[in-house]
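**Q** kindly return the folded structure for what I paste below:
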Amino acid sequence: MTGYGRGESEGEGLRCIVEISSVNHRFCEISVKLPKNLVALELRIKEYLKGKVSRGKINVIVNFRYTEGYMPEIVLNKPLARRYYEMLNELKDELKLLDEIRLDLLLKLPDLFEVTEVTEDVDRIWPIVERALETALRNMIEMREKEGAYLAEDLKKRVDLLFSLSEEVERRCLELRESIPQKIREKVEEIMQDVTISEDRLIAEIAFLQERKDATEEIVRFKSHLSQFSKMIEGGSPVGRKMDFLIQEMLREVNTLSSKSGEVEISRLVVEIKAELEKIREQVQNIE
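**A** So this is what the prediction gives:
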C-alpha cells in the first residue's frame, strides 16, 4: 500500500530528518539515500525496516542539519585562493584588462571553503537516526492503515458477491446432476428405438456420467478457501501472500468445475467468479 511518513530527531548538535515513502510492490524492496560519508548506515536502516515492513517498495531519505548554537568547523583553502588570484592576474595582464580582481569574484570559485561534514561515527549517530526513523515509519504505517481500511471494505463486498455466485453455481450443479438420468434415458430411447438395453447397464452408465459431472468437491474447496480469505480480511497480521495463494487455488477450483459441468449457465457464472477473483488479485498486491 502507498504511504508517507516524516520524522525528526536531535542530538550531537545535529537534527536528523527522515522521510519514508512506500508504493505498491509484490515483495519488500528498500532503497536508502544517505549523505556520502554515512553510507555505512544503509544496512542498519534496511535491517530495521525489514523487521517491520514485509511488502512494498520503500524509499528512505535521510538528511542532517546543524542545530542552532552548533558551530561547524569551516576551513579556508588559502593556497587554492592564492593560486586563483595569481591566475586571474596573469589573465588580466595578458588581456590588458583594467578591472580589479575583487573578493566577491574569488568567493564564486569552487572549493575555497570546506565545511566539516556530519561525523562518520555511525555508532554515535545511529540513536539519533533510529528515533527519527521510528517516527517516520509510524506515520507511514498510520497512513497505510487508513488506506487498508478502505481496501478491506471493498474486499468484503467482493467476497460477499463470490459467496452468492458460488451458491448459485452449487444450485445449478445439483440441478444438472439430478437431470442427468432423465436426459440419458430420453437420448437412449431416441437413438436406440428398436434395441433393448439392460436396465442395470443403463443405471451404471448414468452413475458414471453423474460422477464425471459431479463438482461437489470443487465447490466445497472453493467455499472453504473463500471462508479463509474472508477471515484474513479481518485479521491484523500480514496476509498478502497467503491471500494471493488462496486466489490461485480458487481459480484452479472454478476452472476444474467449469470443465466438468459443460453447462452454459454454470460457465457464465464461472466467468463472473473469475472476473471478481482477478479484481481481488489486483487489490491483494497492495496488501502487506
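**Q** let me see the confidence value for residue 175.
**A** Per-residue pLDDT puts residue 175 at 79.
**Q** quick one: it is in a strand?
**A** No - using DSSP: H, G, I helix; E, B strand; the rest coil, the assignment for residue 175 is helix, not a strand.
**Q** next, count neighbours for it.
**A** Using other C-beta atoms under 10 Å, residue 175 has 12 other residues around it. All C-beta spots, glycine's among them, are computed from the backbone N, C-alpha and C.
**Q** for the stretch 51-200 of the chain, what spans make up the helices?
**A** Ranges of helices within the stretch 51-200 of the chain are 78-95, 103-107, 122-191, 199-213, based on DSSP state H, counting those that start in this stretch.
**Q** from the chain's centroid, how far away is the second one?
**A** The reference is to helix 103-107. 52 Å (C-alpha atoms, centre = their mean, to the nearest Å).
**Q** just want the angle from the helix or strand residue 275 falls within to helix 122-191.
**A** Per DSSP states H and E, residue 275 falls inside helix 264-284. Interaxial angle of helix 264-284 relative to helix 122-191 (axes from the mean of the first three to the mean of the last three C-alpha atoms, to 10 degrees): 180 degrees.
**Q** model confidence over helix 264-284, on average?
**A** The model assigns helix 264-284 a mean pLDDT of 89.
**Q** list the buried residues for it?
**A** Buried residues in helix 264-284, counting neighbours by 16 or more other C-beta atoms under 10 Å, are found at 266, 269, 270, 273, 276, 277, 280, 283, 284.
**Q** the last one and residue 246 touch, don't they?
**A** No - contact between residue 284 and residue 246 fails when scored by C-beta atoms under 8 Å: they sit 9.0 Å apart.
**Q** what's the helix or strand for residue 21?
**A** Judged by DSSP H and E, residue 21 forms part of strand 14-23.
**Q** buried residues in that strand?
**A** Here strand 14-23 shows 14, 15, 16, 18, 19, 20, 21, 22 as buried, counting by 16+ other C-beta under 10 Å.
**Q** the second one contacts residue 68, correct?
**A** Looking back up the chat, that one is residue 15. No - Residue 15 lies out of contact with residue 68 (C-beta under 8 Å); the separation is 9.3 Å.
**Q** if we can go back for a sec, so which elements touch the helix holding residue 275?
**A** Under the contact definition 3 or more C-beta pairs under 8 Å, 6 or more residues apart in numbering; DSSP states H and E, helix 264-284 sits against helix 122-191, helix 240-261.
**Q** run the chain-centre distance for that helix.
**A** 22 Å.
**Q** low-confidence ranges, the stretch 1-150 of the chain, go.
**A** Within the stretch 1-150 of the chain, the ranges that satisfy pLDDT under 70 run 69-72, 116-120.
**Q** one more time with 50
**A** Within the stretch 1-150 of the chain, no range satisfies pLDDT under 50.
**Q** quick one on the thing from earlier: just say which of the helices of the stretch 51-200 of the chain is most tucked in.
**A** Among the helices of the stretch 51-200 of the chain, the stretch with the highest mean neighbour count (mean count of other C-beta atoms under 10 Å) is helix 122-191, at a mean of 15.
**Q** spatially nearest residue to residue 57 (excluding sequence neighbours)?
**A** residue 25 (3.9 Å; C-beta to C-beta, 6 or more residues apart in numbering).
**Q** wait, isn't that neighbour in contact with residue 54?
**A** No - in this structure, residue 25 is not within contact of residue 54 by C-beta under 8 Å, at 11.0 Å.
**Q** any chance of the buried residues of strand 14-23 in JSON lines, with distance to residue 61 too?
**A** Putting these into JSON lines (distance: C-beta to C-beta, whole Å) gives the following:
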{"residue": "14", "distance to residue 61": "16"}
{"residue": "15", "distance to residue 61": "14"}
{"residue": "16", "distance to residue 61": "11"}
{"residue": "18", "distance to residue 61": "7"}
{"residue": "19", "distance to residue 61": "5"}
{"residue": "20", "distance to residue 61": "8"}
{"residue": "21", "distance to residue 61": "8"}
{"residue": "22", "distance to residue 61": "13"}
